[in-house]
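Chemist: any chance you could fold what I've pasted below:
(chains A and B, ligands or ions: 2)
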Protein chains: 2
Amino acid sequence: MNSEIKIELTEHSKINSVDFDNLPFGSVFSDHMFVCDFKDGQWQNPTVKPYSPITLDPSAKIFHYGQSIFEGMKAYKDADNNVMLFRPLDNCKRLNKSAERMVIPQIPEELFMAGLKKLLEIDNAWIPTNDGSSLYIRPFMFASGNGFHASPANEYKLIIATAPSGAYFAGKVKVLIEEKYARAANGGVGFAKAGGNYAAQFYPTQLAIEKGYNQVIWTDDNTHEYIEEAGAMNIFVRINDTLITSPTSDRILDGITRKSILQIAKDTGIDVEERKITVSEVIAAAQNGSLKEMFGAGTAAVVSPIAGFGYQNKDYDLPELEKPFAAKLKKQITDIQTNKAEDPYGWRVML
Amino acid sequence: MNSEIKIELTEHSKINSVDFDNLPFGSVFSDHMFVCDFKDGQWQNPTVKPYSPITLDPSAKIFHYGQSIFEGMKAYKDADNNVMLFRPLDNCKRLNKSAERMVIPQIPEELFMAGLKKLLEIDNAWIPTNDGSSLYIRPFMFASGNGFHASPANEYKLIIATAPSGAYFAGKVKVLIEEKYARAANGGVGFAKAGGNYAAQFYPTQLAIEKGYNQVIWTDDNTHEYIEEAGAMNIFVRINDTLITSPTSDRILDGITRKSILQIAKDTGIDVEERKITVSEVIAAAQNGSLKEMFGAGTAAVVSPIAGFGYQNKDYDLPELEKPFAAKLKKQITDIQTNKAEDPYGWRVML
Ligand SMILES: Cc1ncc(COP(=O)(O)O)c(C=O)c1O
Ligand SMILES: Cc1ncc(COP(=O)(O)O)c(C=O)c1O
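Modeler: Ligands and ions are numbered 1, 2, ... in the order given. This next block holds a predicted model:
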C-alpha cells in the first residue's frame, strides 16, 4: 500500500453558502471527502478530493447484498481553534469489527487516521464553533465490486465524508417498548454498524411514530422481556440512584458514548450496573416511583433524555428531575469532548 | 404517474463479445436495463436505456442504511423463440412485501410488468436458448435519497437488469448445520429479500467453506434446533417417502420455487409435509437410514441436491438414489418453465 495521500482541492468552495448559526444534522456536506479503494487484494489510491458523486455499476454488490458498514464520530473546535476528536481509534477499531462480520477487508488504523486527519486539515474551516454544533464525521465502507452472485465482493470503497451539524434531537422523546419486532438476532449482526440493521429499524419505528412515539426501545427477539437499545442509541435506566445499562452482546452495539458514560458515572460516585434489564422491572419501578430516568446514549445526540414510554397500550411518564444524571453526564462528556474540562482518560485527541 | 416507457437504445451492442456456450452465472450483463425513479412522492421517468453506471451522492442512504431489496427471476426461450417468464407477478408481489418491511415505496404491478416486458422485447437476443441456460433477471430497489440521518430516504430507484446465465451450481453440495450464527430474528426481516440479510450470511458461510462445506443450513436464532433455510434457498428434507419443508414465517423467505415444488409434489402423489423440521429428527433419520434426500430450492439453481451435512463435528452422508425426488421435481418444474411440458397451473407467462 502506498499510503501517501493524494490531494485534489475543490475549485468552488461551498462554505459561504452555509449558515453556521442554523445547521441541520447531517445534510450539509463539507467541500472534501477522503476516498480509498480496495482492489486486487489491497487498499490503494488514498485521496482527499472534492465531495462529489460516486459512480457504480448496476451490479455493484452494495445495491444487492447490503455489504456496507459505517461509523459516526464528531470533530470539535475550541475557542483557540484547536481541533479535537473523541476516542477516534475506538471508531476505527469498531469499523474493523463490523468489517470482519460483514466480510469487508480490514482498514489499517494508520491509513484511516491519516486520511481523517488530512481531511480535517483541509476542511478545517468547516468545523463549527457554535455551542452544541460539531463536524459530524461519517466513515463508511461498502462493496463496490460487481456481480449478481450472493457472495462477498472483490472490491470495496472507504469514504470519509463530513457534515457540519447542529444538535441531533430537540427536547425529550417518548418511546415505545417493542413487543413484536426486533433489530437483531442471536448470532446475527446487531453488534456491527452494518447498513441493513438500520433499514430494518425503519418500519417498526414508523409504526411507533404513527402511534405518537418518537422512537422504539428494542427488546430481545425471543422473549421481548429484555431492554436492549433505544433507537440507534444504547439505553440507560436509572432506578432510585442506580444507573443501569444492558451488557453488550452480539445483538447490541458497543457504543463509545455508553462506555464513556459508564466510566464517568463510576468515577463521579454514581452506582452503575451493567446487567440485563427486564421490561417488568422497569414497569414495576415506574409504578412504585423508583424509576427516575431513562435516556439514550450515542455520538449524535450524546445523551437523549426520555420523557415517557408506552408498553402494552399503557403510557408511563418519567418524573421531571431538577438535577438529572442525564444532564450532568452529558455536560461532563461534552466538556471533555470540547476541551472545556480536564480529560483524565486521554479520550480527547488534539489534531 | 406517466407510465409511458421512454426508450434509449445502445449504439454499441456487446452481444457479439458473449460466448453463449460458456455463460457464467450473473456476471455478463445485457445491453439494456429498465430504470424508474421515485421522487416527489411518485414513480416517474420509466426508461429502458443502455446498461450503464449509476451515479449517487456519497450521502445516498443506500450506502449507509442498507435500504435495499431485490428479486431474482428468469426468462426462457423455447425452440420456437417464444419468450417465457415463470410466475412473474409473484416476484412483483414479493418485491412489494419486501418494500413494505423496508419502508420503500410500493411499485405498481402494471409498471413493473410493463418495464420488464419492454426490456425483454428490446434485449430479446440476449435470452439464451442452450439447455440449462436462461436470462437471469434482477429487479432491485434502493434508497437514492440523501442525508446522514438514519431514517427512510425520500427518493428511490427501481432497476431491472438482466444477465444471460448458465447453471448456478455444479454438482452436489456439502452443507453445515449452523449452531452459532443466524440469518434472521423473530420480528426481523428474514422474510424480505432485503440486501442486508445476504451480507449477514457471508461470514458464517465463509467459516463453513473454510471447514470444507459449500453452504450453511440456517437454524432458528434462539435454539438452533429448527432447520429453516439452505444458504439463499428454501430447504426440503425427504424422510422415507415424505417430503418435508419448513413453514414460512417472518424469518423465512416465501420462495416461489418452494411453493411450486410443494404443489407439483402433491399433485404427483408425493407425501408432503409443511412443518417445523428439527435437527435431531434429521440426525436420527440419517442414523437409521430413513433420511433419503435433502435439497435446496430457489430460482437460481431450481433444485440443489445436498450430498451430505456436518453437525457438531460429525459428517453425515446422504445416499445416492437412482430416482431422487430432487431430479424428478427439477425436471418437472424446468419443463414447465421452458415450455417442454403442459402447465396446468398457469404459471408460465408467454410474452
Ligand atoms: C444501534 C446503535 N446503538 C448505539 C449507538 C451508540 O454508539 P456510539 O456511542 O459509539 O455513537 C449507535 C451509534 O451511534 C448505534 O447505531
Ligand atoms: C433466503 C432465500 N430463501 C429462499 C429463496 C428461494 O426463493 P425463490 O424460489 O423465489 O427464488 C431465496 C431466493 O432466491 C432466498 O434469497
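Chemist: flag the shaky bits of chain A, pLDDT-wise.
Modeler: Scanning chain A for pLDDT under 70 picks out A:1-3, A:169-170.
Chemist: tell me which parts of it are close to ligand 1?
Modeler: Counting by CB under 6 Å from any ligand atom, chain A comes close to ligand 1 at A:72, A:193, A:229, A:232-234, A:253, A:255-258, A:297-299. For every residue, glycine as well, the C-beta is placed using N, CA and C.
Chemist: out of those, who's near chain B?
Modeler: Contacts with chain B within those, counted by CB under 8 Å from any CB of the partner chain: A:72, A:232.
Chemist: next step: the residues of chain A next to ligand 1 restricted to helices.
Modeler: If you go by DSSP state H, the residues of chain A next to ligand 1 have A:256-258 in helices.
Chemist: from the residues of chain A next to ligand 1, pick the one nearest ligand 2.
Modeler: A:Lys193 (23.1 Å; CB to the nearest ligand atom).
Chemist: turn the ones in helices among the residues of chain A next to ligand 1 into CSV, columns for neighbour count.
Modeler: What follows is these, written out as CSV (neighbours: other CB atoms under 10 Å in any protein chain shown):
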residue, neighbour count
A:Ile256, 23
A:Thr257, 23
A:Arg258, 23
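Chemist: just want the residue of chain A that's nearest ligand 2.
Modeler: A:Ala150 (7.4 Å).
Chemist: I figured that residue hits B:Ala232, correct?
Modeler: Yes - taking CB atoms under 8 Å as the definition, A:Ala150 is a contact partner of B:Ala232 at 5.3 Å.
Chemist: tell me the residue furthest from the middle of chain A?
Modeler: A:Asn288 (33.6 Å; CA atoms, centre = their mean).
Chemist: so which residues on the stretch 151-300 of chain A come close to chain B?
Modeler: Residues of the stretch 151-300 of chain A lying near chain B (CB under 8 Å from any CB): A:151-152, A:159, A:161, A:163, A:178, A:180-189, A:194-204, A:206, A:221-222, A:232.
Chemist: just the ones in strands from these, please.
Modeler: The strands, defined by DSSP state E, take in A:159, A:161, A:163 from these.
Chemist: neighbour count for those residues - can I get that in a markdown table?
Modeler: Converted to a markdown table, those look like this (neighbours: other CB under 10 Å):
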| residue | neighbour count |
| --- | --- |
| A:Ile159 | 21 |
| A:Ala161 | 24 |
| A:Ala163 | 23 |
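Chemist: just put those residues in a markdown table and tack on distance to A:Trp43.
Modeler: Listed next are these as a markdown table, based on distance: CB to CB, whole Å:
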| residue | distance to A:Trp43 |
| --- | --- |
| A:Ile159 | 13 |
| A:Ala161 | 18 |
| A:Ala163 | 24 |
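Chemist: so which of these comes closest to ligand 1?
Modeler: Nearest member of those to ligand 1, counting by CB to the nearest ligand atom, is A:Ala163, at 14.7 Å.
Chemist: can you verify my assumption that the closest one contacts A:Asp31?
Modeler: No - in this structure, A:Ala163 is not within contact of A:Asp31 by CB under 8 Å, at 11.5 Å.
Chemist: tell me who's in contact with A:Ile5.
Modeler: A:34, A:46-48, A:114-115, A:118 (CB atoms under 8 Å, 6 or more residues apart in numbering or on different chains).
Chemist: kindly recompute the last result at 10 Å.
Modeler: By CB atoms under 10 Å, 6 or more residues apart in numbering or on different chains, A:Ile5 lies in contact with A:34, A:36, A:45-48, A:111, A:114-115, A:117-119.
Chemist: and what of A:Asp267?
Modeler: A:332, A:344-345.
Chemist: most neighbours, which of these?
Modeler: Within the contacts of A:Asp267, most neighbours by other CB atoms under 10 Å in any protein chain shown means A:Gln332, with 18 neighbours.
Chemist: over to that residue: give its phi and psi.
Modeler: Reported as degrees, to the nearest 10, the phi and psi values for A:Gln332 are phi -60, psi -40.
Chemist: check contacts around it.
Modeler: A:Gln332 neighbours (CB under 10 Å, 6+ apart): A:260-261, A:264-265, A:267-268, A:303, A:341.
Chemist: repeat that with 6 Å
Modeler: Neighbour list for A:Gln332: A:Ile264 [criterion: CB atoms under 6 Å, 6 or more residues apart in numbering or on different chains].
Chemist: relative to A:Pro344, how far out is it?
Modeler: Separation of A:Gln332 from A:Pro344 (CB to CB, to the nearest Å): 11 Å.
Chemist: give me the subset of the contacts of A:Ile5 that lies in strands.
Modeler: Going by DSSP E, the strands hold A:34, A:36, A:45-48 from these.
Chemist: please pick the buried ones from these.
Modeler: Taking 16 or more other CB atoms under 10 Å in any protein chain shown as the criterion, what is buried in the ones in strands among the contacts of A:Ile5 is A:34, A:36, A:46-48.
Chemist: max-length helix in chain A?
Modeler: Secondary structure of chain A per DSSP H: the longest helix is helix A:195-210.
Chemist: which of the residues of the stretch 151-300 of chain A next to chain B are buried, as a PyMOL select command?
Modeler: Buried members of those, defined by 16+ other CB under 10 Å, are picked up in PyMOL with:
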select buried, chain A and resi 151+152+159+161+163+178+181+182+183+184+185+186+187+188+189+194+195+196+197+198+199+200+201+202+203+204+221+222+232
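Chemist: who does the longest helix of chain A touch, helix- and strand-wise?
Modeler: Helices and strands touching helix A:195-210, by 3 or more CB pairs under 6 Å, 6 or more residues apart in numbering or on different chains; DSSP states H and E, are strand A:215-219, helix B:62-65.
Chemist: hmm, try it at 7 Å
Modeler: strand A:68-70, strand A:215-219, helix B:62-65, helix B:195-210 (3 or more CB pairs under 7 Å, 6 or more residues apart in numbering or on different chains; DSSP states H and E).
Chemist: restrict the last one to CA atoms and write it as PDB.
Modeler: Once side chains and other backbone atoms are set aside, the C-alpha atoms of helix B:195-210 remain, and they are given as PDB (Å, rounded to 0.1, in the frame of the first residue of the first chain):
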ATOM      1  CA  GLY B 195     -29.900  -6.700   0.900                       C
ATOM      2  CA  GLY B 196     -28.600  -6.800   4.500                       C
ATOM      3  CA  ASN B 197     -29.800 -10.400   5.000                       C
ATOM      4  CA  TYR B 198     -27.300 -11.600   2.400                       C
ATOM      5  CA  ALA B 199     -24.300  -9.700   3.700                       C
ATOM      6  CA  ALA B 200     -25.100 -11.100   7.100                       C
ATOM      7  CA  GLN B 201     -24.800 -14.600   5.700                       C
ATOM      8  CA  PHE B 202     -21.300 -14.200   4.200                       C
ATOM      9  CA  TYR B 203     -19.200 -14.600   7.300                       C
ATOM     10  CA  PRO B 204     -20.800 -17.800   8.700                       C
ATOM     11  CA  THR B 205     -20.800 -19.100   5.100                       C
ATOM     12  CA  GLN B 206     -17.100 -18.300   4.800                       C
ATOM     13  CA  LEU B 207     -16.400 -20.200   8.100                       C
ATOM     14  CA  ALA B 208     -18.300 -23.200   6.700                       C
ATOM     15  CA  ILE B 209     -16.300 -23.000   3.400                       C
ATOM     16  CA  GLU B 210     -13.100 -23.000   5.400                       C
END
